[in-house]
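Participant: Attaching a predicted model along with its sequence, questions to come.
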Amino acid sequence: MENSELYKITYLSVIGSLIFILIIIELIRRNMLNERYALIWLIASGLFFIVSAFKNIWVNLSFLIGIKYPPSALFLVLIIGVIFVLLLFSIVISGLNEKVKTLAQELGIIQFNIKNKYPPNNESNKKI
């Protein structure tokens, strides 16, 4: 592979990761992204920035695992990072589903108790 092509890919990936970091910071500033999840995205994009900025990391990684085209190793790292973030979000969503189910059950119990303690009075519904 040509050295100039490798530098182009390095520059594009560094610029792309910096733009992504700036987008995340802007989303935090506008309160559109929770800090808890923003931290995950900042760490993931920071790691991608480090890997893409230091060409030797992903070139050595690609040859170590047998990838003949080094930029493919860079995208492999990106894909693995996205998979971990998706796994984390799946864990969070599963926890939230359990909380919603528990809240719905508690609401049903409360409504049942209110209806049984204060049954509807037919006389109060009559017009005078």
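Facilitator: Now that the structure is in, tell me what you want to look at.
Participant: does residue 31 count as helix, strand or coil?
Facilitator: Using DSSP: H, G, I helix; E, B strand; the rest coil, the structure places residue 31 in coil.
Participant: How confident was the prediction at it?
Facilitator: At residue 31, the model reports a pLDDT of 88.
Participant: Contacts only, for it.
Facilitator: With contacts defined as Cβ atoms under 8 Å, 6 or more residues apart in numbering, residue 31 is in contact with no residue. All C-beta atoms are positioned from the backbone trio N, CA, C, and that covers glycine.
Participant: how far away is it from residue 62?
Facilitator: Residue 31 sits 40 Å away from residue 62, taking Cβ to Cβ, to the nearest Å as the criterion.
Participant: How about residue 5?
Facilitator: Plainly put, residue 5 is 14 Å away from residue 62 if you go by Cβ to Cβ.
Participant: More neighbours: which of those two?
Facilitator: Neighbours around residue 5 and residue 62, counted as other Cβ atoms under 10 Å, are more numerous at residue 62. The numbers are 19 against 10.
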